[in-house]
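K.L.:
Predicted coordinates and the sequence they were generated for:
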Amino acid sequence: MAEYELIRTLMISKSIAILGGGAWGTTLAYLLEQSGHAYQIWHRRSSSSLESVVKDADIIVCAISMKGVKNIIEQLRSIKLKENALIVTATKGLDLETTKTPSQIWQQALPNHCVIVLCGPNLSKEIKAGLPAATVVSSVNHQAAELVQGVFASEQFRVYINNDPLGTELGGTLKNVIAIASGVCDGLQLGTNAKAALLTRALPEMIRIGTNLGASVETFFGLSGLGDLLATCDSPLSRNYQVGFGLANGKTLTAILEQLEGTAEGVNTVNVLIKLAKQKKISVPIAYQVYLLLKGKISPQKAVKNLMARELKEEFYYSEI
């Protein structure tokens, strides 16, 4: 009952802090403006200190890249946060050292705070242009998820909730690797048939990984799974798609990353994914070809040839989807 009263109180008067001033952080700030909520935003070049922005915050939204998550958490652990402050993680990626997702890292570091995942088919430039979009907020705490749902929902932005934060997070993370493959497909002008085959086979690969790690199958058919996969793999606005497209057109990975406006998380995620796949003996044929391509061990054309030459089998062979 006390927790419910807290949620009701927060709905009336909320102090919101956004960590990260990049494309996604500023987009989330824009969405809060659309839903009529005030906020403070902090980034590395802020004139305000991190402590001054977060110490009185009821909701802390983290929109920084995966490589910066651990560092920001260490800084927050030295700050006395509000006892019931909610942590909303909007980061997509996997930690190379621990292979954990952002929400797992947050929850382990701040066990007394509720962690909520925000993830979906949300291309920043489209949202800032006023185009409609939808997303998912997920937490094992239903009331906390409902609170965050109410905070971000507006006429432009429809927000759903579920209780599978791991699956929600993995859907948004794993599709970045597939988006690189999709960019290669379009860059090589392989056509619609090839693209459809790639995305259709990519979804069960994502599900296979997710369920091995403890996520629910159903989550991958939702906005943060299939929805995010379709949006990211079919838009030149996607940074991961741009990586694959550039490689297919003869650019070096270094040159592509230097020209990107932001981080292509799939480049780092694939390294963790291959590490996980080896540890848990998970079949990840598409991700493995992306891994070899990014390492410079094969050409885009060879990656396609390798996938097409795989052993023939039934489409729904359940021991290896």
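P.N.:
Sure thing, it's come through. Numbering: from 1, shown residues only.

K.L.:
ranges for the helices of the stretch 101-250 of the chain?
P.N.:
102-109, 124-128, 142-152, 165-187, 192-212, 228-233, 239-248 (DSSP state H, counting those that start in this stretch).

K.L.:
Select, out of these, the one closest to residue 221.
P.N.:
Smallest distance to residue 221 across those (C-beta to C-beta): 8.1 Å, for helix 192-212. (Glycine included, C-beta is placed from N, CA and C.)

K.L.:
packing partners for that closest one?
P.N.:
helix 165-187, helix 228-233, helix 265-280, helix 285-294 (3 or more C-beta pairs under 8 Å, 6 or more residues apart in numbering; DSSP states H and E).

K.L.:
Turn the helices of the stretch 101-250 of the chain into CSV, columns for mean pLDDT, mean neighbour count and distance to residue 50.
P.N.:
What follows is the helices of the stretch 101-250 of the chain, written out as CSV (pLDDT from 0 to 100; neighbours: other C-beta atoms under 10 Å; distance: least, C-beta to C-beta, whole Å):
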stretch, mean pLDDT, mean neighbour count, distance to residue 50
helix 102-109, 97, 20, 15
helix 124-128, 96, 16, 23
helix 142-152, 96, 20, 21
helix 165-187, 97, 28, 24
helix 192-212, 96, 18, 33
helix 228-233, 96, 24, 29
helix 239-248, 97, 25, 26
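
K.L.:
quick one on the thing from earlier: so for residue 209, which of the helices and strands packed on helix 192-212 sits nearest?
P.N.:
helix 165-187 (6.1 Å).

K.L.:
per-domain residue ranges of the protein.
P.N.:
As given by automatic domain parsing, the domain ranges for the chain are 2-163, 170-308.

K.L.:
Include distance to residue 315 when you put those domains into TSV, please.
P.N.:
Output for the domains of the chain, formatted as TSV (distance: least, C-beta to C-beta, whole Å):
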stretch	distance to residue 315
domain 2-163	26
domain 170-308	9
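
K.L.:
Same list, the helices and strands packed on helix 192-212, but as JSON lines with distance to residue 16 please.
P.N.:
Shown next, in JSON lines, are these (distance: least, C-beta to C-beta, whole Å):
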{"stretch": "helix 165-187", "distance to residue 16": "20"}
{"stretch": "helix 228-233", "distance to residue 16": "24"}
{"stretch": "helix 265-280", "distance to residue 16": "24"}
{"stretch": "helix 285-294", "distance to residue 16": "36"}
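
K.L.:
how about these, which one is nearest residue 74?
P.N.:
Judging the helices and strands packed on helix 192-212 by C-beta to C-beta, what sits closest to residue 74 is helix 265-280, at 19.4 Å.

K.L.:
which parts of that closest one are buried?
P.N.:
Neighbour counts over helix 265-280 (16 or more other C-beta atoms under 10 Å) mark 265-270, 272-274, 276-277 as buried.

K.L.:
where among the domains of the chain is the average confidence lowest?
P.N.:
In terms of mean pLDDT, the lowest-scoring of these is domain 2-163 (a mean of 92).

K.L.:
I'd like the distance from that one to the chain centre, please.
P.N.:
13 Å (C-alpha atoms, centre = their mean, to the nearest Å).

K.L.:
Pull out the buried residues from stretch 41-50.
P.N.:
Under 16+ other C-beta under 10 Å, the buried positions of stretch 41-50 are 41-43, 50.

K.L.:
same check, this time on stretch 29-41
P.N.:
Residues 29-32, 34-35, 37, 39-41 are the ones in stretch 29-41 that count as buried (16+ other C-beta under 10 Å).
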